[in-house]
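*Asks:* Sharing a model prediction with you, sequence too.
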Amino acid sequence: MKISWIKYEKDDKNFNMPERLGFDVFKLENPEETDKKIDELINNKYTTIFITDEIASFSSNIINKYNKDDKIKIIITKCKE
């Protein structure tokens, strides 16, 4: 099982602990590329993806494509304010 985290590049409050521990935290410059990044991670065998609600709002595939896929877990987390 491979786990990753996705957040906005300018986000300095979310997923700091996994990033400091050396886990795969990916920062998006352009939130419009959320679906592309999720697809890329899945193609690279990531099965669990944590994503902030801010970035998740830019994805149509989370609900349309991956909602019923038992092999892929996309977990939407609330952004820290």
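*Replies:* Alright, I've got the coordinates.

*Asks:* Pull up the gap between Thr34 and Phe26, please.
*Replies:* Distance, Thr34 to Phe26, by CB to CB, to the nearest Å: 10 Å. In this view, the C-beta of every residue, glycine as well, is placed from N, C-alpha and C.

*Asks:* Show me what counts as buried in the longest helix along the chain.
*Replies:* Longest helix in the chain, counting residues (DSSP state H): helix 34-43. Neighbour-count burial for helix 34-43 flags Thr34, Asp35, Lys37, Ile38, Leu41, Ile42 (criterion: 16 or more other CB atoms under 10 Å).

*Asks:* can you give me the helices for the protein?
*Replies:* Along the chain, counting by DSSP H, helices occupy 16-20, 34-43, 53-56, 61-64.

*Asks:* Out of these, which gets nearest to Ser4?
*Replies:* Among the helices of the chain, helix 34-43 comes nearest to Ser4, with 5.4 Å by CB to CB.
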